[in-house]
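A.B. asks: A structural model of the following input is requested.
(one chain, ligands or ions: 1)
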Amino acid sequence: MDSRKIIKAIIGAGIVLLFSCSPTRKNSMSPTFAANPVVAHRGAFKKNSFPENSIASLKEAIRLGCTGSEFDVRMTADDSLIINHDPHFNKLEIERASYAELGQYKLSNGEKLPTLREYLLAGLDGNKLTRLVLEIKPSGIGKERGKLIAERSVALVKELNAAPMTVYISFDYDILKRIVELDPKASTQYLNGDKSPAQLKADRIDGADYHFTVFKKNPGWIEQAKKNKIILNAWTVNDAATMDWLLANGFDFITTNEPELLFERAKLSPIISGN
Ligand code: MG
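C.D. replies: As a prediction, this is how the structure comes out:
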């Protein structure tokens, strides 16, 4: 073998090694996310007094390098997907109002009420490290409408090529099961805290994203999740002591209104979480 061939062989082996070293994931096209457990709840809003669920709070979570930024999706009466936590926006019931009616009002920083399309596009722009944690709120009108919100959300995520960046979460188990039917590679986490990790695995749900007190009451679920390769996430954790407890227990993610504090606690923790 001449020297050029040897160099080519070394480069080839290096490339194979580089790709074989990336952590195992569901989708080989998945990006490499920030290696920290910090999920900003409704974006990183608090320190800068941004509105919750605003594009400003999403951009701040990305700027901080959070591994995820969470937001809430609802659907208007005329089937527009929009970002808002509460069922009402400026006294209008979102599910009973049109997008045009809702759009008369701005967020407190002057932003317009974001659509899911606008929010995803903002979250994809220049972002390689922060997961887009998309919560689908159950519909107050009925279960079927909740599933319709899931279907429309999955279709939009696919259209925008956002699937590798997206994690779906919901309190409604049927919404998550519908998402898995529509996209078996979709990353999903359940919020309501009433299913064991073994049950989640049986239903092909990837993660237990429960209120932290659920794990305190059922400490066996932490080991059960690890054995079943179920992702561990806890909400909404805003104090150092609880953050430290979750970090010591090797939680993959912690959802918080205080991402800056969680970064500090994670640095002090001997266990490296994330991914
Ligand atoms: Mg939420």
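
A.B. asks: give me the below-cutoff pLDDT ranges for the stretch 1-150 of the chain.
C.D. replies: 1-29 (pLDDT under 70).

A.B. asks: need the residues of it near the ion, please.
C.D. replies: Counting by Cβ under 5 Å from the ion, the residues of the stretch 1-150 of the chain close to the ion are D72, E135. All C-beta spots, glycine's among them, are computed from the backbone N, C-alpha and C.

A.B. asks: helices along the stretch 1-150 of the chain, start to end?
C.D. replies: Chain-ordered helices for the stretch 1-150 of the chain, with DSSP state H, counting those that start in this stretch as the definition, fall at 3-20, 55-64, 99-102, 116-124, 143-159.

A.B. asks: list the buried ones in the third one?
C.D. replies: So the one you mean is helix 99-102. Y99, E101, L102 (16 or more other Cβ atoms under 10 Å).

A.B. asks: and that helix, C-alpha only, in PDB?
C.D. replies: Output for helix 99-102, consisting of C-alpha atoms alone and laid out as PDB, is shown next (Å, rounded to 0.1, in the frame of the first residue of the first chain):
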ATOM      1  CA  TYR A  99     -57.300  33.200  15.400                       C
ATOM      2  CA  ALA A 100     -58.200  36.700  14.100                       C
ATOM      3  CA  GLU A 101     -60.100  37.500  17.300                       C
ATOM      4  CA  LEU A 102     -57.200  36.300  19.500                       C
END
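
A.B. asks: residues in contact with that helix?
C.D. replies: Contacts of helix 99-102 with the rest of the structure, by Cβ atoms under 8 Å, 6 or more residues apart in numbering, involve T76, D78, S80, I82, F89, N90, L92, I94, L113, T115.

A.B. asks: if I look at E260, how far off is N249?
C.D. replies: To N249, E260 is 22 Å away according to Cβ to Cβ, to the nearest Å.

A.B. asks: let me see the contact set for the nearest residue to P138 once chain neighbours are set aside.
C.D. replies: With Cβ to Cβ, 6 or more residues apart in numbering as the criterion, P138 has its nearest non-adjacent residue at 4.2 Å, and that residue is D172. Contacts for D172 were tallied using Cβ under 8 Å, 6+ apart; they are I136, P138, K143, G146, N192.

A.B. asks: and these, which is closest to A40?
C.D. replies: Of all the contacts of D172, the one sitting nearest A40 is I136; the distance, using Cβ to Cβ, is 18.2 Å.

A.B. asks: and for that closest one, the neighbour number?
C.D. replies: Other residues within reach of I136 by the criterion other Cβ atoms under 10 Å amount to 27.

A.B. asks: so what's the residue nearest to it when sequence neighbours are not counted bridging to?
C.D. replies: Once its chain neighbours are removed from consideration, I136 has its nearest residue in S170; the separation is 4.7 Å (Cβ to Cβ, 6+ apart). Here S170 sits in beta bridges with Y190, as judged by DSSP bridges.
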